[in-house]
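S.K.: based on what follows, work out the 3D shape:
(one chain, ligands or ions: 2)
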Amino acid sequence: MRTETGQTFRLSDYRPTPYAIPETRLDFRLAPERTIVHARLTIERRPGTEPGTPLLLDGDELKLISLAINGIPAGNNSYRATPDLLEIRDVPSAERFTLDIVTEINPTTNRQLSGLYRSSDVYCTQCEAEGFRRITYYYDRPDVLSVYTVRLEADRLAAPILLSNGNPVEHGEVDSARHYAIWHDPHPKPSYLFALVAGSLGVVKDHFTTRSGRLVDLAIHVEHGKEGRALYAMDALKRSMAWDEKRFGREYDLDVFNIVAVSDFNMGAMENKGLNIFNDKYVLADPETATDTDYAGIEAVIAHEYFHNWTGNRITCRDWFQLCLKEGLTVYRDHEFSADQRSRPVKRIAEVKILKSQQFPEDAGPLAHPVRPREYREINNFYTATVYEKGSEVVRMIHTIIGPELFRKGMDLYFERHDGEAATIEDFIKVFADVSGKDFSQFALWYDQAGTPKLEADFAYDEKAQTYSITLKQSLALTPGQPHKKPMLIPIAFGLIGPDGKDMVPSAVTGGEVHDGVIYLQRESETFTFHGLAARPVPSLLRGFSAPVNLVASLSTSEQIFLALNDSDPVARWQALNMIFTQVLTEGARHLRLGKDMQIDDHVLEIAGRIAADTTLDPAFRALCLSLPSENDIAREIGENVDPDAILAARDRLMAAIAARYADDFAALYQSLTQQGPFSPDAQSAGRRSLRNILLDYLSRHAMSPDRAAHQFATANNMTDRFAALSVLVQRFGGSHEARNALATFEQRFGEDGLVMDKWFSVQAMQPGPEVLAAIKALTRHPAFSLDNPNRVRSLIGTFSANNPTGFNRVDGAAYEFLADTVLAIDPENPQLAARLLTAMRSWRSLENQRREKAKAALQRIAAMQKLSTDLRDIVERTLA
Ligand code: 0A1
Ligand code: ZN
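M.R.: Ligands and ions are numbered 1, 2, ... in the order given. Here you go, the predicted model:
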């Protein structure tokens, strides 16, 4: 474990390396406890480097076996090797020389899941961000690009499959027990994209012919017996390859593309060149074991990793501060892919929900950081919703500002100009400035300023003059390390809706920049006046959620209802409805906390009923409208002195009131949505299931009976319906014999399947109320649970601490102490996982006093520990700061 050195890395300190490594040859003798790695590096002095300048290479927990310079064993005084550094002091004065570095590593004891490790006996690697230095000494940074040739040697029976990046070159026998394979990747790449896999795996094969005629062999490798569950992933891969050609003109560039699914993985997946390694959660699916959400997740992650081949691999990042260069852009690309494959508005609403529930709280708390951070202590802690999701929103805004044609032109220029390079955000922005002739300097603040802008909107209609004015004001709260904020360029897509429900067209606009349905707010406050409007319009702002801001519009309730029922933009319609529900719920929670009653106006119930019944609308959209803001969403809106119990009570009451009002209609609708014919994971069918399942929740609340859910659970022929029924049973009727029976049946059927058991753990982790902590503790002793497996830990403890506000925020603070104990137990083994788990406490300051004090005590206990990983130390100290 890397422990805290107190070192802070700064963007302003960036310097290129004095040497380049044009060629990297790696030879792996794989063995479970003693793997020998022989690296032969061709080193080239960069122009401007003084001959003889010492060469410093990164390491992490390495053991050097031997070192040779230009083939001659290095003398003891010519270098210094520690586990985390190799310093060559006597550097040859020639421009080029070779280094032969032999290291010994132990894949079996490597439980950090970084570097070379074993997952269910399969050797695999994870090198992003700084895992390659756990394999050999190297310039382990993204701006050192090298051509790799890799030889793998392993026991033939234990590891019949030997994979690395690039194309296969050769394979054969070493002796009666061992075999080898050689791979060559012609595309220069940084070390974080290196990968190998060796083991015994099942495979699904297919192929794809690129538009220029290259035949690509595709293979997905999974645990034996699970091949049938990889077919959807293969289909998603082929669709991704075709889409990237059509939409971005990007073709695949090797003869093979391999994907390997492993069960121990810290993140979702990894885009290693030609050899993507996946958390098996994002590969394996069939109707019996995967929900519609799982299918959509697989499609998105397969696409995301594939799209990295151009945005990330062919053009990589100069340094880790530029992480959003590849991540924000690739998320934007995978969002667009899913929107094209499914329903665009439904996909967009889902994105906005994720952004608001994950990124907005990050931006509003102690872990807030710019999309492009300027400093970090541990880069692993910056794979965040801000870098990924807000990073994608920033790209989307560029698209909005310059339009689709210029955006595509800019992307083409980006690929042309920077292919084979390690680029920066400045390079990226410049291509769009160049193709559009626009000045992007103010826009660039989106990369630099942390925090979610608050956008206040006020309106005035002058009947006599027939003008309508919109005054917009932006503000940005202070965030860690950024005491001064500047106004940003905010593109606000909008419409002015007339009494007939259609958009009105003003004769002129004065006061600021407005074109093609977008208001461009540039200053702190601006008033835009629309002329020639014979009636007062209802303003629809932020259509398509055109900027990641917190909109506070001074609309009357009737205007909000009008928008919720009439806006031609479904995203804005959903936002209007969401705003209405949020107001009722925040007010309700306030009242309940004061011991008063909660007011629910009839019109609020009515819109829910009208939208549910509107068969002209996509069922998936109706489902999104009916799923009320989550407890966390309401807490974020309240912002301070948060009482999770009052929030849950308010939410329960609103759902009960809607259910009571529409019980009969909902029951008929539920019935009418019953699946006809065989299961299909397509978006239409999934939408019907999601509407039906939310109705099940409403109906069960109204009936106050688990019967309908128990029946659905027993008769479901797919995991989506089964899991939805189980959730209702456990979360609404926890402890009932129906809930206990369903849990037992589920466990009996799927007990051997870790991925499916994750659902079983998470559904129990979500049971509301303080008593659930005891059950969670007991579940950590369940045979299917293991602190070593990130998926298990996240499904039980991650879900509990991040998504069960009433369970986690017990007034006595016992759950905070439990999380602290768990995090401390995991840290020595897997620091990345420990640090990420603790981020669940990032909003502790907004809790009411009693809970806040308990949360602080738990955080302080962690911070007081002598020995913490850099990852955990960084998170705990920033959370407390
Ligand atoms: N680049 C991957 C995500 C990833 C990041 C870090 C990892 O280990 C610390 C692993 C994967 C992606 O964006 O999919
Ligand atoms: Zn990515």
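S.K.: for the stretch 701-850 of the chain, what lies in contact range of ligand 1?
M.R.: Gln832 (Cβ under 6 Å from any ligand atom). The way it works is simple: take the backbone N, C-alpha and C, and place the C-beta from them, glycine included.
S.K.: backbone dihedrals for the spatially closest residue to Gly75 that is not a sequence neighbour, both of them.
M.R.: Excluding the flanking residues, the one nearest Gly75 by Cβ to Cβ, 6 or more residues apart in numbering is Asp90, at 7.6 Å. The phi/psi pair for Asp90 (degrees, to the nearest 10) reads phi -90, psi 90.
S.K.: use 28 as the first number from now on
M.R.: Sounds good: first residue 28 from here, last item Asp117.
S.K.: in contact with Asp117, which residues?
M.R.: Ile96, Ala101, Gly102, Asn104, Ser105, Tyr106 (Cβ atoms under 8 Å, 6 or more residues apart in numbering).
S.K.: now restrict those to buried residues only.
M.R.: Buried members of the contacts of Asp117, scored by 16 or more other Cβ atoms under 10 Å, are Ile96, Ala101, Tyr106.
S.K.: now do the residue in the stretch 428-577 of the chain that ligand 1 sits nearest to against Phe750, distance only.
M.R.: Nearest residue of the stretch 428-577 of the chain to ligand 1: Ala449, at 15.2 Å (Cβ to the nearest ligand atom). Look at Ala449 and Phe750: by Cβ to Cβ, to the nearest Å, they are 43 Å apart.
S.K.: more neighbours, these two?
M.R.: Phe750 (24 against 21; other Cβ atoms under 10 Å).
S.K.: hmm, the more buried one is touching Lys786, no?
M.R.: Yes - between Phe750 and Lys786 there is a contact at 5.6 Å, judged by Cβ atoms under 8 Å.
S.K.: give me the common contacts of these two.
M.R.: Common neighbours of Phe750 and Lys786 (Cβ under 8 Å, 6+ apart) are Thr318.
S.K.: which strands or helices does the host helix or strand of Leu681 pack on?
M.R.: Using DSSP states H and E, Leu681 maps to helix 671-699. On a contact count with 3 or more Cβ pairs under 8 Å, 6 or more residues apart in numbering; DSSP states H and E, helix 671-699 meets helix 597-620, helix 629-640, helix 658-665, helix 710-730, helix 832-835.
S.K.: now render those as a markdown table, adding mean pLDDT and mean neighbour count.
M.R.: Below are these laid out as a markdown table (pLDDT from 0 to 100; neighbours: other Cβ atoms under 10 Å):
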| stretch | mean pLDDT | mean neighbour count |
| --- | --- | --- |
| helix 597-620 | 98 | 21 |
| helix 629-640 | 97 | 17 |
| helix 658-665 | 98 | 22 |
| helix 710-730 | 98 | 21 |
| helix 832-835 | 98 | 23 |
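S.K.: Ser896 is nearest to which of those helices?
M.R.: helix 832-835 (23.1 Å; Cβ to Cβ).
S.K.: what about dumping the CA coordinates of the closest one to CSV?
M.R.: What follows is helix 832-835, C-alpha atoms only, in CSV (Å, rounded to 0.1, in the frame of the first residue of the first chain):
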residue,chain,number,x,y,z
PRO,A,832,-30.5,7.9,4.0
THR,A,833,-32.7,6.8,6.9
GLY,A,834,-30.8,3.6,7.5
PHE,A,835,-27.3,5.2,7.3
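S.K.: now do the helix or strand just after that helix: distance to the chain's middle.
M.R.: Sequence order places helix 841-853 as the next helix or strand after helix 832-835, per DSSP H and E. Relative to its chain's centre, helix 841-853 lies at 24 Å (Cα atoms, centre = their mean, to the nearest Å).
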